[in-house]
Structures are given as C-alpha cells and as structure tokens.
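Engineer: Requesting a structural model of the entry that follows:
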Amino acid sequence: MQFYSTNGQSRQASLEEAVMTGLAPDGGLYMPERIPIIPRAFFNNIGEMSITDISFVVANMLLGEDIDAAELKQIVYDTFSFDIPLKKISDRIYSLELFHGPTSAFKDVGARFLARIISHYSKSTESDVNVLVATSGDSGGAVASGFHNVPGVKVFVLYPERGLTHLQRHQFSSLGDNVYPIEVMGNFDECQRLVKEAFVDKDLRERLSVTSANSINICRLLPQMFYYFYAYSRYLQMDPKGYETDVVISVPCGNLGNLTAGLLAKKMGLPVKRFVAANNLNDSFTRYLDSGNFAPCSQHPTIACAMDVGNPSNISRIIDLYARDHTAINNDIHGRSFTDGQIAQCMSDTFRTFGYLMDPHTATALMALSDDLSQQESGIFLATAHPAKYNKTVMDVTGTSATPPINPTNEAAPTRHDTPKITPSLPALKKVLLTST
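Structural biologist: Down below sits the predicted model:
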C-alpha cells in the first residue's frame, strides 16, 4: 500500500516511510492510495467473530502487502489484551466502552498498535526512533504506556500547562525510562503545532529520527477502525433484528482522528448509516458542517477537556476523503455542540435514570446521539474514557465517585525524568530533544 499527502506536494510514501516520518514533507497528512472494500459475505458471520479476528481481517486488507500475515496477526493480538464491551443503555441506544485498556482510554488501541508497528520497523534502524506526541488529555498516557520500554524508541510527550487532570499527567510523567514529558506554556493547539513544526524542520530531521504518535500518524488512526467493526458485530449479537435497522454512531470529537477512522471503516463497507460528531464549545468542526467553510477557533477550556481543540488536524483527511464534496460529507456526518451545563445535565440525568456513570466526553456523545436519532434507527455512542479519569467532575455532577480501575500505569516507576517547561517555540523544543537523545 502506498500513501499520499493531503497537501498533494510530496511523492507517495511506503507504509514504513509514512509510519516512521509521521507527517509528509509538504506538511500534509498521509492517506492510503486506495480503500479496499470488504466483501459483503464478511458481515454475514461478523456477529460470531472475536475482536482480534475482525481486526486481523481489516488490518490484512490494508497492510497485508507490507507486513507478513503471521507478524501482523501477532501485532493485532498483542494490541488487544483487553475487552471492548457493548452495553445496552436504553431502547435502541448502546455504549461501546473503549476504556478497559491499560490507561482507561480509547487511545490505548491506536497507541498499542502503533508501538508494535514502529518496533517492527525500528529493528532495521541504527539510531533510536524519537516519537513525539501532543496530548490534550488521554493521548499522552496511552502512548507512554504503549511505548514504555520498547527497545530503540524514545517518547516525548508534549502537554499544555493547564487542562489535564492529575491522573492524566501521572500516567505519562511517572514512567521514566524511555518516556520524557515536556510541559508547554500554552494550550493543546500550540503543542500540536510544535510537533508539526518539528517534522518539517530539516535541521532537526537530519540530526534525529522523529515520528509522531498523534493521530496525524496514519498507523495511530487506522487501528481505530477495528472497534467500529467490532461494535457492529456486538450489536448484531445483541439484537437479532439488527440487520433490518439503520445504525448511527456518535463520536466525541477533538482532533477528529476517531471520527476519521469511523469514516474510513464506512468507506470499507461498514454498514453504518451516518456518524454524529459531538463537540463541546470548541465547535469549529460543527460550524464547518453547517457552513462549508472551516475556520479554526480560539480554544475554550471545558469540562470535556480532551476535546478542547480549536484547530483539529484530521479535518484535512475528512475533506480529502470526500474529495472536498461538502454535501457528501453532510450526508455521512451530522454535528452537534454543547455547553458545559448541558454536558453535566446529561451526566446527571443518565446516572439518575439508568444508573450509568459517564465521563464528560462520553456524555457529549450520548447527548449528540439522542438529539440526532430517529425512531427507526439504533444508535451507538463511544465511551472514550473511564469516568474515574474525571472523578472530580463526575463527583461534582452526580454525587457519586467512580471506582478507579486497577491500572499498573498509575503506579510510580522507580526511574523518572525531570520535566522541562518550555515556551511554545520550535527552538525551545529542539533544545530539549537534542539534549535528551
């Protein structure tokens, strides 16, 4: 499989080049040159398949030309050391719980898969691979956990000085070894900008091997397709008449990587009618759906802090995927945005009515789904983080504390690094990278 840049100014790249560089030389994001269609017969038996079997079929169709089938199967099986249950919340509404992995967030899937792909390719490199990731909340912990002590890899986690919870910071700052946290005196958009600037800086790239573990890296995003297919399989298992009903999936949106993965799954043949993009007050994508014009917005802090993204990178992939056809995009995606008060009300009402405890991001997705779903449709919303990761907010809103999952990454490691605090400038980042490698 070859990959092209959304900016259209760079030559096509192999899977190895796309993974190990993260960003195309022209600053664009990589996309697969073609999207294979899964045979319809695959869906006849999907309800009886495991998540690893489903994931291998999808992965092999996309990456089978580049990675031996036996090794790719092992990568898939190593990625899923945890379950992803689908739970029925009410009539026609289901929750896909993506928070049962090592760091209790949906990003564990993409991070664990990417770590194993980079490990596969790093065996042929003489120097360390330096992985950069900007985090608005859960990416940092998931990537740090996925790459912790992977030979030949160093991980640098850029995080904003405000917005993350103590648990989110602790999940990557406590590991030490090959994981290096960097605090940025700015917001997530500035952290993300720094990562992108690092990739197109010729001097830095000549001195270091750098790639990204954000969803700008195509192999962080592609494995997120797997659980959309699995969600559909569990839905069919739970509802014998599921084949006769249109399915809508609601996604809490920040950098739009999760939504993009779902749209790619739909292009591959996943029988989903449409997606609902759930935003908080950082609603630049919702406004794009309404107007057809994209304008980044200033970042607003909210209780759904991992979605506080004013300039989502993956919008370029979505626009490219639909050949800039705004009508086609609107046919497949509806957008909803909500205030903190509305999100908190949904958390409270859902717990009181159904006994289901949610973090703010999951609540945003449920609210968007409830607003958008018709009487003839069934809906799945993505539960992207364990409520214990936002326990103060959950307690304040519902009066109930979430029980933290047993999680080895929450324990302090014996070896930790000092955390530099830098201005949001490329020279400051380069200084840290060059002195730490």
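Engineer: Can you classify Ser95 as helix, strand or coil?
Structural biologist: Per DSSP: H, G, I helix; E, B strand; the rest coil, the secondary structure class of Ser95 is strand.
Engineer: Pull up the gap between it and Thr362, please.
Structural biologist: With distances taken as CB to CB, to the nearest Å, Ser95 is found 7 Å from Thr362. C-beta: built from backbone N, CA, C; applies to glycine.
Engineer: which neighbours do those two share?
Structural biologist: With contacts defined as CB atoms under 8 Å, 6 or more residues apart in numbering, the residues adjacent to both Ser95 and Thr362 are Phe381, Ala383.
Engineer: Between these two, point out the one with more neighbours.
Structural biologist: The neighbour count for Ser95 versus Thr362, taken as other CB atoms under 10 Å, is higher for Thr362 (33 against 25).
Engineer: Identify the residues contacting the spatially closest residue to the more buried one that is not a sequence neighbour.
Structural biologist: In space, and not counting its chain neighbours, Thr362 is closest to Ala383: 4.3 Å by CB to CB, 6 or more residues apart in numbering. By CB under 8 Å, 6+ apart, Ala383 lies in contact with Ser95, Leu96, Glu97, Leu98, Phe99, Met358, Asp359, Thr362, Ala365.
Engineer: Need phi/psi at Ala383.
Structural biologist: phi -90, psi 100 (degrees, to the nearest 10).
Engineer: Give the bridge partners for it, please.
Structural biologist: For Ala383, the beta-bridge partners under DSSP bridges are Glu97.
Engineer: Tell me the pLDDT of it.
Structural biologist: Here, the pLDDT recorded for Ala383 equals 98.
Engineer: picking that back up, among the contacts of Ala383, which two are most distant?
Structural biologist: Farthest-apart pair in the contacts of Ala383 is Leu96 and Asp359; separation 13.9 Å (CB to CB).
Engineer: more neighbours, these two?
Structural biologist: Applying other CB under 10 Å to Leu96 and Asp359 shows that Asp359 carries more neighbours, namely 29 against 26.
Engineer: so what's the more buried one up against?
Structural biologist: Contacts for Asp359 (CB under 8 Å, 6+ apart) come out as Ala383, Thr384, Ala385, His386, Pro387, Lys389, Tyr390, Thr393, Val394.
Engineer: if you set the cut-off to 7 Å instead, what comes out?
Structural biologist: Ala385, His386, Pro387, Lys389, Tyr390, Val394 (CB atoms under 7 Å, 6 or more residues apart in numbering).
Engineer: Quickly name whichever of the residues you listed is closest to Glu48.
Structural biologist: His386 (28.4 Å).
Engineer: how far away is that closest one from Ala363?
Structural biologist: 13 Å.
Engineer: So which of those two has more stuff around it?
Structural biologist: Applying other CB under 10 Å to His386 and Ala363 shows that Ala363 carries more neighbours, namely 33 against 28.
Engineer: Doesn't Thr211 belong to a strand?
Structural biologist: Yes - Thr211 forms part of a strand when assessed by three-state DSSP.
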